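S.K.: this is the structure alone, sequence omitted:
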């Protein structure tokens, strides 16, 4: 055994001996406390930073070296660089004056849950690889399903089941692949080119992307037109007409995505009627409630997902408006074996008694990737740290702030609310009448949009608040999406002042022409 | 304005007022420090837990309530439950005696980077949404590419580029969808059923899954047989033969996945020759170096990816053996526009000046999902905290420990190394001669595998170490994969003692028949 030697003596140049093990518990503790203070201070000072980053493309390459360092650098040095070079390039989604896109609502519990998951750093592809990861996910998904009063058929207790995905797009890829393989197993693989996917022109781009990924012919993707008269909801009658026309052409309806809370205006598709249409054609219906699903834990909003019992799957993003950090998309399906049939592989190296017993869930077959993080921990911590009653009240406080903002807009003659508010997002603009003498003129409409676009640019360039836009029915609207965790009433009042100030300037500029 | 009211007074039942804001900085600080200590103590005590969880299916439902709590619970209560109910269900991937699958090598720097990313909680879908997230990823991927001496054509500086995906499967889905759409745009969408995907019988199941997801006909998936004589590497001659036969049948070669460091035995496919074959047929070649890619930052291992310049894309998982927590798959592509053509959608709500200028990278079009975490931070922290020299030495210390384990196996007549060790994983078993009088008899071979399977079960049931298995060329092998960050030489010696002790018992049992 004399040839047997560990290279762990200080003379050897490769060893841990001259520095702590990269996972040394005491060094972990020391650096971990430093990082907690750094992030706590970041939240404390977050209002000092421009909400939307004001850097120019390429800013960072100028500040960082051209190659990775050869030798270790201290955490203190690295954090100084984070402060000096990274923070200026951050758009502060956690800022109380962040009203862009949809919120990415962090919380202490969500953060701690992510820490714990990162600390264990298990790779929970199947039950065996870390039973707690699978079982806690089963439990939490049933808890959440109950909170949303989802039909039992979507819960484990009713032979359905829930799974945590990263994002809605992944959830749709998985369900659409399952739907595709179900149909193709009946009509033959050669018919993949005949399958058609349906959504509205308000459906999230995730549907189109998923459809591209799973191999649907791009010509067979239908974004059905919506109008202001129905508040941009998908019309079941129109859906039926278009399906009929497709079927007449020899195409095969595959998948419908109905949305509760669209990205542009938080519109709500009529689930019950849409599911009825889909049922007539044997299509898979997925309900995307990415943003608005959260609100449905409040009894007063629950009716908005009535009809979900007719759907095959339902998802919402806990990382949007449910205090759980990115990424965490909650997906429930009625028929998990459809997912498993489509997504399972069974390599020898993963075989184990528990899987063979069929008594356990192996989530690797419910998702795209093999590896998966222990995401259930953060959701569990959010549910337990706040409790159902507070979670409802947090959401209501955002809705309340949006009501206030909406009222401020309505009470000002120069502005208008473009689409009635449903949750915590207000779609508004400077009124056509404040800009144009003849708002019905098409050319004037271009100018009306241009003025509102300029207004948004001015607001965001200030760095004081950040909002984004949508264009619906040809109308450019500003979206004020409330839901950043730190947002309080005073930030709403400030945001409104900011909007008015910039509107004055922009209107003055246009009126001077 | 008298109707304007925030419900923030204590009488209202929905408000934050009766509890701290869920992101209150000082409460964040308090709970954050508690969590750091909890995790530091976990690492300190990690050797007290059975490495592979010993719980039975359904254990957790018995310990947790049937529904989410109505009211808040203290972090101290929750952490007690984590200790009492979650930890027993954890398989401790961070344990120094964890030798299963491949490592999930955590580190302080990786952990801190994940904290920082969670703290900012930005959704970096495009440059605009947080410029630092995109730019740091550009920079870090070029740094890493340089460390691996990747051809310039795969780096941003050479008009290729790198992107962080979650996992290898996602990386393959994206590259395969890109390859598919490139070919179909030439030969017509109707020909999707003619496309063929190639790998070996040692290729990771991610390839098969990706191919299912992107709509390749399951009959057109080729897992080409490998043999012990070539150490389970894919034969370029055999590949060419099979492609020829497919082409004769009117099929169209689409995609080849070549592996450097297969899951079962860390075999290495001959990249250069395989790329030559693929080139003749205009196929996309992806190199999957999920595990072994890390080692190629050491000059002595770099030659193993020679030939990569002929590939279209290359990936390795920093979350496996590169001290970066799950998930973090590094993917480089020669032709980013192929990805973008296949994966981009351009919804109005994401339009912005920076994207219009074409001066920035919008990573949403390089991956499946729209939303994406700021993963570059953890990779940047790992590179800076340890430096290139130490990172190489950490990897070498694992290889050195594997050399020691290999020697221990070789020097014991009852055991054999089944496939020559290449990195830090040893494939071994009890020698046929120690079990059977006629090892060439097929029935005896079943018994030889059975004895080794029993040995593995006995080892893992002990809880002292955890290893997993593979079956290659009909041989059941035990895999001892070294690379958990906390593993030191003494754990290797202990693992070997454990193996020997259980071998004694298992052999005694069989010999008594």
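M.R.: Here it is on my side, so go on. What you see is a predicted model, and the numbers here were worked out from it, not measured in a lab.

S.K.: you'd agree residue A:486 is in a strand?
M.R.: No: Residue A:486 is assigned coil when assessed by DSSP: H, G, I helix; E, B strand; the rest coil, not a strand.

S.K.: and the next helix or strand past the helix or strand residue A:332 falls within?
M.R.: Element membership of residue A:332 [criterion: DSSP states H and E] is strand A:329-333. Going down the chain from strand A:329-333, the next helix or strand is helix A:336-343, by DSSP H and E.

S.K.: residue contacts, the closest residue to chain B within the stretch 101-250 of chain A?
M.R.: When scored by CB to the nearest CB, the stretch 101-250 of chain A has residue A:215 as its residue closest to chain B, at 2.3 Å. C-beta here means a position set from N, CA and C on the backbone, and glycine is covered the same way. With contacts defined as CB atoms under 8 Å, 6 or more residues apart in numbering or on different chains, residue A:215 is in contact with A:180, A:192, B:180, B:192, B:214-216.

S.K.: got it, and residue A:284?
M.R.: A:175-176, A:178-179, A:182, A:254-256, A:278, A:312-313.

S.K.: likewise residue A:484?
M.R.: Contact analysis of residue A:484 by CB under 8 Å, 6+ apart lists A:93-99, A:103-105.

S.K.: of those residues, which is the nearest to residue A:486?
M.R.: Nearest to residue A:486 among the contacts of residue A:484, counting by CB to CB, is residue A:96 at 4.0 Å.

S.K.: can you list contacts of the least confident helix or strand in chain A by mean pLDDT?
M.R.: Ranked by mean pLDDT, DSSP states H and E, the weakest helix or strand in chain A is helix A:353-357, scoring a mean of 88. Residues from elsewhere that reach helix A:353-357, judged by CB under 8 Å, 6+ apart: A:126-128, A:131, A:360, A:362, B:57.

S.K.: now do the strands in chain A.
M.R.: For chain A, the strands defined by DSSP state E cover A:98-99, A:161-165, A:195-200, A:221-224, A:252-259, A:284-288, A:313-317, A:329-333, A:415-419, A:425-430, A:466-472, A:475-481.

S.K.: would you turn those strands into CSV with mean pLDDT?
M.R.: Putting the strands of chain A into CSV (pLDDT from 0 to 100) gives the following:
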stretch, mean pLDDT
strand A:98-99, 98
strand A:161-165, 98
strand A:195-200, 98
strand A:221-224, 98
strand A:252-259, 98
strand A:284-288, 98
strand A:313-317, 98
strand A:329-333, 98
strand A:415-419, 97
strand A:425-430, 98
strand A:466-472, 97
strand A:475-481, 98
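
S.K.: so does the helix ranked longest in chain A get close to chain B?
M.R.: What stands out as the longest helix in chain A, according to DSSP state H, is helix A:376-410. Yes: if you take CB under 8 Å from any CB of the partner chain as the test, helix A:376-410 does meet chain B, through A:377, A:381, A:383-390, A:392-394, A:396-397, A:400-401, A:404, A:407-408.

S.K.: got a list of what residue A:255 touches?
M.R.: Residues in contact with residue A:255, defined by CB under 8 Å, 6+ apart, are A:175-176, A:179-180, A:195, A:197-198, A:211, A:283-286.

S.K.: before we move on, back to that, which of the contacts of residue A:215 tops the neighbour count?
M.R.: Neighbour counts for these peak at residue B:214, which has 29 neighbours (criterion: other CB atoms under 10 Å in any protein chain shown).

S.K.: what's near enough to touch that residue?
M.R.: Per CB under 8 Å, 6+ apart, neighbours of residue B:214: A:213-215, B:173, B:176-177, B:180.

S.K.: out of the residues you listed, who's nearest residue B:273?
M.R.: residue B:176 (21.8 Å).

S.K.: correct me, but residue A:289 touches residue A:297?
M.R.: No: at 11.3 Å, residue A:289 and residue A:297 do not qualify as touching, with contact defined as CB atoms under 8 Å.

S.K.: PyMOL command for the buried members of the residues of helix A:376-410 next to chain B?
M.R.: Here is the PyMOL command that picks out the buried ones among the residues of helix A:376-410 next to chain B, judged by 16 or more other CB atoms under 10 Å in any protein chain shown:
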select buried, chain A and resi 377+381+383+384+385+386+387+388+390+392+393+394+396+397+400+401+404+407+408
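
S.K.: re earlier: what pairs with the strand holding residue A:332, parallel or antiparallel?
M.R.: strand A:161-165 (antiparallel), strand A:313-317 (antiparallel) (DSSP bridges).

S.K.: now it and strand A:284-288, what's the angle there?
M.R.: 150 degrees (axes from the mean of the first three to the mean of the last three CA atoms, to 10 degrees).

S.K.: starting at the chain centroid, how far to strand A:329-333?
M.R.: Mean-position distance between strand A:329-333 and its chain equals 12 Å (CA atoms, centre = their mean, to the nearest Å).

S.K.: just stretch A:73-85 next, same as before
M.R.: On CA atoms, centre = their mean, the centre of stretch A:73-85 falls 30 Å from that of its chain.

S.K.: neighbour count: residue A:289 and residue A:297, which is higher?
M.R.: More neighbours surround residue A:289 than the other of residue A:289 and residue A:297, with 26 against 20 (other CB under 10 Å).

S.K.: and that one, what's its pLDDT?
M.R.: In the predicted model, residue A:289 carries a pLDDT score of 98.

S.K.: ok, the contacts of residue B:214 vs residue A:457, which is closest?
M.R.: Once CB to CB is applied, the member of these that ends up nearest residue A:457 is residue A:213, at 33.8 Å.

S.K.: out of the contacts of residue A:284, which comes closest to residue A:426?
M.R.: Out of those, the member with the shortest distance to residue A:426 (by CB to CB) is residue A:256, at 28.8 Å.

S.K.: quick one: neighbours of that closest one, just the number.
M.R.: 31.

S.K.: touching, it and residue A:285? I think so.
M.R.: Yes: Residue A:256 is within contact range of residue A:285, at 4.9 Å (criterion: CB under 8 Å).

S.K.: what's the burial count for residue A:61?
M.R.: Neighbours around residue A:61, by other CB under 10 Å: 15.

S.K.: quick check: closest non-adjacent residue to it.
M.R.: residue B:139 (6.2 Å; CB to CB, 6 or more residues apart in numbering or on different chains).

S.K.: pull out the buried positions in the least confident helix or strand of chain A.
M.R.: A:354-355.

S.K.: figure out how far it is from the centre of its chain.
M.R.: 34 Å.

S.K.: same thing with stretch A:413-422?
M.R.: Using CA atoms, centre = their mean, the offset of stretch A:413-422 from its chain centre is 25 Å.

S.K.: report the buried residues of that stretch.
M.R.: A:415-419, A:421-422.

S.K.: nearest to residue B:457, of those residues?
M.R.: Once CB to CB is applied, the member of those that ends up nearest residue B:457 is residue A:422, at 56.7 Å.

S.K.: does that closest one touch residue A:268 like I think?
M.R.: Yes: the criterion here is CB under 8 Å, and residue A:422 meets it with residue A:268 at 6.7 Å.

S.K.: common neighbours of these two, please.
M.R.: A:261, A:292, A:304.
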